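Participant: Following is a predicted model, sequence given first.
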Amino acid sequence: MDKFQDATSSNPASSNRATIDVAQVAVVSRGYWVTVLNRLKYDKVTIVCFVVLLLIILSAIFADILSPADPYKTSMLKRLKPIGYPGYILGSDELGRDMCTRLLYGGRLSLIMGIMPVVYALLIGGALGLFAGFMGGKINMAIMRTIDVFYAFPSVLLAIAISGTLGAGIGNAIVSLTIVFISPIARITESVTTQVRSFDYVEAARASGAGSFTIIRVQVLSNVLGPIFIYATSLISVSIILASGLSFLGLGTEPPEPEWGLMLNTLRQSIYVTPWVAALPGVAIFFTSLSFNLLSDGLRSAMDVRM
């Protein structure tokens, strides 16, 4: 031990070289995310979409504070008031309820029904695709052919069929959308995992005696999370549109709960009286879905993910 210390102290050049190597490793490990942040910093479209989504999410969270009225309070004397009417910034609906308040509260349900199915599908479909892609063989065949059965149906028709079977309600709508999104996420995960499985560092981990669970957790998962996360982000916009469509058809949120798709349904008969008021929920759906979609494209470009 003393000899080693003497050798180290007598050779400061080797000590400095070791310090430099450690610093270089730290720089390399941080280099990827620094590059991603630098790319995002100069992507104005992605920044604008992020700010818009942040404002929408915050307005939905703090709807109790920001809303000027009760979202359930009706007044037949003040129904279908135009935008800018005194006391009604964005007008009123067919029952005299304040549209600004209902849009703020409706953002809560619309975001929950748009984000939660993707999160659940990411956990379930990601686990299935990861396991199938890593194991291969008959296990892969059994899992992926089952996934293909659901993937063969158009997402809209499958969501309507499942929601119609389960019945109306927020919980049933989330379950139906989760089932719809499991198959595409599982296919993407399986495809990426199959590519990663053949890399040299995975083979080296196998040769060192590491178990399958350890290899998946340490070597595979960190390399497939990027593409899966980007793809899941792009599905949020689709989920919001599908959830609004289910509510519009009466298979999602039930009255009198404020939800953008349900608000479009109840206001469709008033489009000739107050067209701008009737279009407000559709505008909210459009900008929210578009922002999620463009944000996903920006993240894909910044992270240099190819799918």
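Facilitator: Received the coordinates, thanks. Numbering: from 1, shown residues only.
Participant: Just give the closest residue to Leu294, not the sequence neighbours.
Facilitator: Leaving aside its sequence neighbours, Leu294 sits nearest to Cys49 (CB to CB, 6 or more residues apart in numbering; 4.6 Å). Backbone N, C-alpha and C define where each C-beta goes, glycine included.
Participant: sorry, that was for Val52
Facilitator: Ser291 (4.7 Å).
Participant: Now that neighbour: which helix or strand?
Facilitator: helix 275-303 (DSSP states H and E).
Participant: residues of that helix that come out buried?
Facilitator: 277-278, 280-281, 284-285, 288-289, 291-300, 302-303 (16 or more other CB atoms under 10 Å).
Participant: by contact count, what packs against whatever helix or strand Gly226 lives in?
Facilitator: Following DSSP H and E, one finds Gly226 within helix 221-248. Judged by 3 or more CB pairs under 8 Å, 6 or more residues apart in numbering; DSSP states H and E, helix 221-248 is in contact with helix 99-135, helix 155-166, helix 170-197, helix 260-267, helix 275-303.
Participant: sorry, back to before: tell me the angle of the helix holding Ser291 relative to helix 221-248?
Facilitator: For helix 275-303 against helix 221-248, the angle by axes from the mean of the first three to the mean of the last three CA atoms, to 10 degrees is 170 degrees.
Participant: tell me what helix 275-303 is packed against?
Facilitator: Counting contacts by 3+ CB pairs under 8 Å, 6+ apart, helix 275-303 is packed against helix 12-41, helix 44-61, helix 99-135, helix 221-248, helix 260-267.
Participant: hey, which of those helices is tucked in deepest?
Facilitator: For these, the largest average neighbour count (mean count of other CB atoms under 10 Å) is found in helix 260-267, namely a mean of 24.
Participant: Can you name every helix or strand that it contacts?
Facilitator: helix 99-135, helix 221-248, helix 275-303.
Participant: mind putting those in JSON lines, mean pLDDT and distance to Leu267 included?
Facilitator: Converted to JSON lines, these look like this (pLDDT from 0 to 100; distance: least, CB to CB, whole Å):
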{"stretch": "helix 99-135", "mean pLDDT": "93", "distance to Leu267": "9"}
{"stretch": "helix 221-248", "mean pLDDT": "90", "distance to Leu267": "11"}
{"stretch": "helix 275-303", "mean pLDDT": "92", "distance to Leu267": "4"}
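Participant: Sweet, I'm off.
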